[in-house]
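Undergrad: build the 3D model from these lines:
(one chain, ligands or ions: 4)
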Amino acid sequence: MFKPKTLLAACMATVALSGAVAAPSALAAKFNKKALDYPHVSGELLVTFKKVKDSSAAMAILERKGATSAEALRIPDFAKDSELGRTMKISIDGNLKKKMKAIAKLKSVAYVEPNFIVYADSIPTDPMFDELWGMNNTGQTGGTADADIDAPEAWDYETGESSVVVGIIDTGIAYDHPDLAANMWTNTGEIAGNGVDDDGNGYIDDVYGINCIDGSGDPYDDNGHGTHVAGTVAAVMDNGEGVVGVAPGVSLMGLKFLSAEGSGSSDDALECLLYSVQMGAALTNNSWGGGFPSRAMKQAIEQAGNRGSLFVAAAGNDGTDNDRSPHYPSSYRSATILAVANSDHTDVLDASSNYGLRSVDIAAPGTGITSTVPYESVAELNTAGMTFAGSPMSYAAFGTASAPMSDGGLCDTTDAAWSGTVVLCERGEITFYDKVINAQSSGAVAVVVYNNEPGMLFGTLGEGNTSDVPAIGMSQADGQELVASYLGTEGEVVNTFDPAGLGYDTYTGTSMASPHVAGAAALLLSYDPSLTPMQLKNILMSTSDKPAAMAGTTVSSGRLNVYNAINSLID
Ligand SMILES: [Ca+2]
Ligand SMILES: [Ca+2]
Ligand SMILES: [Ca+2]
Ligand SMILES: [Ca+2]
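TA: Ligands and ions are numbered 1, 2, ... in the order given. So this is what the prediction gives:
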């Protein structure tokens, strides 16, 4: 499927002006030249007309300004009465700033903006313990007991109804993942795989959602981010497999607009959002963003909100104040946006999380979150019938190697005694790369670098480097135990990556915090489907726990507590 590059779609022909919508100051002018300082699709603009009464005349005007093609935004009928129905995506040659300026001068044009590129809001880290501290924190990851959302307590009352559909606007979903498949929304109006748009909604075989990049009905995830987010919302409970989502009984709709590289454009994002509303999603999770506001995107969020759809959005990972330097979409002033910051297992905001007393609503667990992914990564050391958890050393060789273990100390030199062994190196003084290469040059078959402070070591050889032998990171406690008790014992180092596998991984970011909140909202809606987006926001914010360290960081100064939220509905 490809998007037809017609000059003006018929639906653009005659639409009346809709009521003015209050917009932030950056959106009030007809164009803002600063917009081009932010990532955008080259040679593309979104042009909103005041009114369109003659499509060919409008196109002729744009052609005189250098447009080579124009197309209507791909949106459902309900949104076509809004400004979005008078907005076109155009391709244009030449200097974009000059073109924007020239188009903005046209009397018939209400607004012109670049087609912004936005990014997934996560900091992918590496595999960790598969303990979901955010759901139930017993201090198992070295954090603070009960710095969590009290999910098990909430599940006594509600685990989610399949009729509540959560749209995951992201890189897609691996809908065949064993911990997600049973919870995928399915479009009952569509017959799978027959190459026909059975329900006539404009997408062929859109059974689990859509791909807004290529306009197809297949939202399969080629990145991992969206699948991870989906698992936090609604991974299957009690199936003897992997993890569990906050709302393990609700349904997931796949809405892919972020590419394999994790970036996407405004027009595709709003297409995904409006499709989700059209097809019945009650809310969406939006773990992505960028630095400049899009009038078209804000319009789409208003349209979704008017139809009762809550827009849960990650606050961003710049460690900055969104009140001063906004992050969009989370920073649009809209009653139906719930903006989420990222807290860690000691109930403080992660240093990378954005915050904002006026523009970020609530915090939720987002640091070191394990969830579903469309690949399988294993990093571990097996010895004496036990498995010691590891983390992949980025850029190190993949593979499995076995040999007796030797103590490499800091591995700051080479040593012939390490030949034919698995060398255990302590972190410190020289780079991970130098340690691994010293061991490798000495004839090691594999390398383990363990931490010199509590917790797992997440390391990298550095971009452009590599090794010939597998290498993994390990916690200080496990590394010290191996050195103390297992030198000379056979150890098997596993560092493997299977891109075709369906596994689990640990990510950090507001991208991981947002789906905890989206899952909580879905649980509330399962309990009481009549709740409006405003009511959902108020309940989630007012029932949050208030850790001292979060005072003044968000509107609520709180961290999500889904049990408190459900409990507030029970008389
Ligand atoms: Ca708890
Ligand atoms: Ca269809
Ligand atoms: Ca079909
Ligand atoms: Ca599970």
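
Undergrad: please report how far the residue nearest to residue 160 when sequence neighbours are not counted lies from ligand 1.
TA: Nearest residue to residue 160, sequence neighbours excluded (C-beta to C-beta, 6 or more residues apart in numbering): residue 249, at 3.1 Å. Quick note: C-beta positions are derived from backbone N, CA and C, even for glycine. Distance from residue 249 to ligand 1, counting by C-beta to the ion, to the nearest Å: 20 Å.

Undergrad: in a helix, that's where residue 249 is, yeah?
TA: No: counting by DSSP: H, G, I helix; E, B strand; the rest coil, residue 249 is located in no helix; its state is coil.

Undergrad: that one: neighbouring residues, count only.
TA: Neighbourhood size, residue 249 [other C-beta atoms under 10 Å]: 21.

Undergrad: go on, residue 156?
TA: Residue 156 sits with 10 neighbouring residues when counted by other C-beta under 10 Å.

Undergrad: and if you look at residue 335?
TA: 12.

Undergrad: just residue 260 next, same as before
TA: Counted by other C-beta under 10 Å, the residues lying close to residue 260 total 13.

Undergrad: does it really touch residue 223, like I thought?
TA: Yes: if you go by C-beta atoms under 8 Å, residue 260 and residue 223 touch, sitting 5.2 Å apart.

Undergrad: shared neighbours of those two, anything?
TA: Contact criterion C-beta atoms under 8 Å, 6 or more residues apart in numbering; residues shared by residue 260 and residue 223: residue 171.

Undergrad: going by secondary structure, the closest residue in space to residue 61 that isn't next to it in sequence is in what exactly?
TA: Of all residues not flanking residue 61 in the chain, residue 106 sits nearest, at 6.3 Å (C-beta to C-beta, 6+ apart). Here residue 106, judged by DSSP states H and E, is contained in no helix and no strand.

Undergrad: show the model's pLDDT score for residue 106.
TA: Residue 106 carries a pLDDT value of 86.

Undergrad: on that earlier part again, how about the contacts made by the residue nearest to residue 160?
TA: Counting by C-beta under 8 Å, 6+ apart, residue 249 has contacts 159, 160, 161, 162, 183, 234, 237, 526.

Undergrad: filter those down to the buried ones.
TA: 159, 160, 161, 183, 234, 237, 526 (16 or more other C-beta atoms under 10 Å).

Undergrad: closest to residue 136 out of those?
TA: Residue 136 lies nearest to residue 237 out of these, by C-beta to C-beta, at 13.1 Å.

Undergrad: endpoints of stretch 176-187, how far apart?
TA: Stretch 176-187 has its terminal residues 16 Å apart, counting by C-alpha to C-alpha, to the nearest Å.

Undergrad: which element, helix or strand, includes the closest residue to ligand 4 within the stretch 451-571 of the chain?
TA: Proximity of the stretch 451-571 of the chain to ligand 4 (C-beta to the ion) peaks at residue 504, 9.8 Å away. Element membership for residue 504 (DSSP H and E) is strand 503-508.

Undergrad: got the angle for the helix or strand following that strand vs strand 503-508?
TA: Moving toward the C-terminus from strand 503-508, the first helix or strand encountered (DSSP H and E) is helix 510-527. For helix 510-527 against strand 503-508, the angle by axes from the mean of the first three to the mean of the last three C-alpha atoms, to 10 degrees is 110 degrees.

Undergrad: next one: helix 510-527 to chain centre, how far?
TA: Using C-alpha atoms, centre = their mean, to the nearest Å, the mean C-alpha position of helix 510-527 is found 13 Å from that of the whole chain.

Undergrad: still on that earlier bit, what pairs with the strand holding residue 504, parallel or antiparallel?
TA: strand 123-124 (antiparallel), strand 369-373 (antiparallel) (DSSP bridges).

Undergrad: closest to ligand 3 out of those strands?
TA: Of all the strands paired with strand 503-508, strand 369-373 comes closest under C-beta to the ion, at 26.3 Å.

Undergrad: looking at the stretch 401-550 of the chain, which residue is nearest ligand 3?
TA: For the stretch 401-550 of the chain, C-beta to the ion, closest residue to ligand 3: residue 502, 24.8 Å.

Undergrad: what distance do you get for that residue to ligand 1?
TA: Taking C-beta to the ion, one finds residue 502 at 29 Å from ligand 1.

Undergrad: does that residue touch residue 181 like I think?
TA: No: here residue 502 lies out of contact with residue 181, judged by C-beta under 8 Å, at a distance of 9.4 Å.

Undergrad: still on that earlier bit, what bridges to the residue of the stretch 451-571 of the chain closest to ligand 4?
TA: Using DSSP bridges, the bridge partners assigned to residue 504 are residue 372.

Undergrad: count of neighbours near it?
TA: Residue 504: 22 surrounding residues under other C-beta under 10 Å.

Undergrad: show me where the stretch 1-150 of the chain has strands.
TA: 40-49, 67-72, 87-92, 109-120, 123-124 (DSSP state E, counting those that start in this stretch).

Undergrad: out of these, which gets nearest to ligand 2?
TA: Closest approach to ligand 2 among those is made by strand 67-72 (18.6 Å; C-beta to the ion).

Undergrad: now the closest one: how far from the chain's centre is it?
TA: Distance, stretch centre to chain centre, for strand 67-72: 31 Å (C-alpha atoms, centre = their mean).

Undergrad: what strands flank it, and is each parallel or antiparallel?
TA: Strand pairing for strand 67-72, using DSSP bridges, gives strand 87-92 (antiparallel).

Undergrad: check contacts around the closest residue to residue 553 other than its chain neighbours.
TA: Nearest residue to residue 553 in three dimensions, chain neighbours excluded: residue 355, at 4.3 Å (C-beta to C-beta, 6+ apart). Counting by C-beta under 8 Å, 6+ apart, residue 355 makes contact with 315, 320, 321, 322, 341, 349, 553, 554.

Undergrad: what parts of the stretch 151-300 of the chain come near ligand 4?
TA: Residues of the stretch 151-300 of the chain lying close to ligand 4 by C-beta under 5 Å from the ion are 179, 236, 239, 241, 242.

Undergrad: same list, the contacts of residue 249, but as JSON lines with secondary structure and pLDDT please.
TA: As requested, these are exported to JSON lines (DSSP: H, G, I helix; E, B strand; the rest coil; pLDDT from 0 to 100):
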{"residue": "159", "secondary structure": "coil", "pLDDT": "93"}
{"residue": "160", "secondary structure": "coil", "pLDDT": "96"}
{"residue": "161", "secondary structure": "coil", "pLDDT": "97"}
{"residue": "162", "secondary structure": "coil", "pLDDT": "98"}
{"residue": "183", "secondary structure": "helix", "pLDDT": "98"}
{"residue": "234", "secondary structure": "helix", "pLDDT": "97"}
{"residue": "237", "secondary structure": "coil", "pLDDT": "90"}
{"residue": "526", "secondary structure": "helix", "pLDDT": "98"}
